[in-house]
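Novice: 3D model of this:
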Amino acid sequence: ERVAVAASPAEVVRAADITVCMLSTPEAAHAVYKAEGGLLEGVSAGKMLLDCATLTVEDMVELSGLVKDRGGHFCEAPVSGSKGPAHAGQLIFLAAGDKAVFDAAEGLLGAMGKASFMLSPSVGRGTALKLVINSMMGQMLATLAEGKAQAEGLDVPAEVLDEVLSLGAMANPMFALKGPPMSRGEYSTAFPLKHALKDVDFCRALAKQHGLPSPMADVAAELFRSQLEAHGDDDFSAVMEAFRRK
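Specialist: All right, here's what the predicted structure looks like:
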């Protein structure tokens, strides 16, 4: 009863001091910003936009420039965390851009997340860190899938592998959360495989632009890509299927 539904993104921006935007792909973001009745139409002097999507650095820089051209203020704040942390208010925000927006959004960020980092006045730094983190996450999950498949093929009980991992130096929340259902072939979606692949590919491209190697990410990307048709909308833990004997 406290939520007002607007007729367009532009109306949302006109009605709010700060607008939070989080869309799944660059194509979706550009459409919502630039379409008739889109976000940009609502931007005027002093309006603040906080964009929490995971896009490319170039996308964020372009969208920031378009908002600033209309007198608005822009801050990127892509999030680390998927469905579970979002429901629990445990997201991590990786911000860069106009600090005035970051400061004004402190209460919003605190309600949605457990930590917020203001990295730089330069838009793109938050996105770069988010892409590195998601690429590392994809590589870790692909490694877990390979190890699970090897253990399975060698008649090592999955629950024993999971327990040993939980007690040693490789213990981490993602392995604990994803490991048991991966062994059962259950991939209930928290973070779609197609979006995980998108982020790994974006990180690979960014690394290439800066002359940085990405051999581990290259392998992970191809493993995710091999499951895109069958499991693109499933959780990215479905990369496990790349290792199962056919």
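Novice: Going by C-alpha atoms from here, please, whenever you check contacts or count neighbours.
Specialist: Fine.
Novice: any idea where the strands of the chain begin and end?
Specialist: With strands called from DSSP state E, the chain shows them at 18-21, 48-51, 73-76, 79-80, 91-97, 113-118.
Novice: can you put those in CSV and add mean pLDDT, mean neighbour count and distance to Gly38?
Specialist: CSV is the format used below for the strands of the chain (pLDDT from 0 to 100; neighbours: other CA atoms under 10 Å; distance: least, CA to CA, whole Å):
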stretch, mean pLDDT, mean neighbour count, distance to Gly38
strand 18-21, 97, 19, 12
strand 48-51, 98, 25, 13
strand 73-76, 98, 28, 16
strand 79-80, 94, 22, 23
strand 91-97, 98, 25, 22
strand 113-118, 97, 16, 27
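Novice: and these as a markdown table, adding distance to Arg204?
Specialist: Putting the strands of the chain into a markdown table (distance: least, CA to CA, whole Å) gives the following:
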| stretch | distance to Arg204 |
| --- | --- |
| strand 18-21 | 25 |
| strand 48-51 | 22 |
| strand 73-76 | 20 |
| strand 79-80 | 18 |
| strand 91-97 | 19 |
| strand 113-118 | 23 |
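Novice: Of all the ones you listed, which one is nearest Pro215?
Specialist: Proximity to Pro215 (CA to CA) singles out strand 79-80 among those, at 23.0 Å.
Novice: Could I get the phi/psi values of the residue nearest the centre of the chain?
Specialist: A centroid search over the chain (CA atoms, centre = their mean) returns Thr54, at 5.0 Å, as the residue closest to the centre. Dihedral pair for Thr54: phi -110, psi 100, per degrees, to the nearest 10.
Novice: If I look at it, what pLDDT would I see?
Specialist: Listed pLDDT for Thr54 reads 97.
Novice: what stretches of the protein score poorly on pLDDT?
Specialist: For the chain, residues meeting the criterion pLDDT under 70 lie at 1, 246.
Novice: Select the longest helix from it.
Specialist: helix 125-153 (DSSP state H).
Novice: And the residue of the chain most remote from its centre, how far from Leu161?
Specialist: Ranked by distance from the centre of the chain (CA atoms, centre = their mean), the top residue is Asp155, with 35.3 Å. As judged by CA to CA, to the nearest Å, Asp155 and Leu161 stand 11 Å apart.
Novice: do the same with Lys198
Specialist: Look at Lys198 and Leu161: by CA to CA, they are 30 Å apart.
Novice: isn't Ser44 right next to Arg70, touching?
Specialist: Yes: counting by CA atoms under 8 Å, Arg70 is a contact partner of Ser44 at 5.7 Å.
Novice: Thanks a lot, see you next time.
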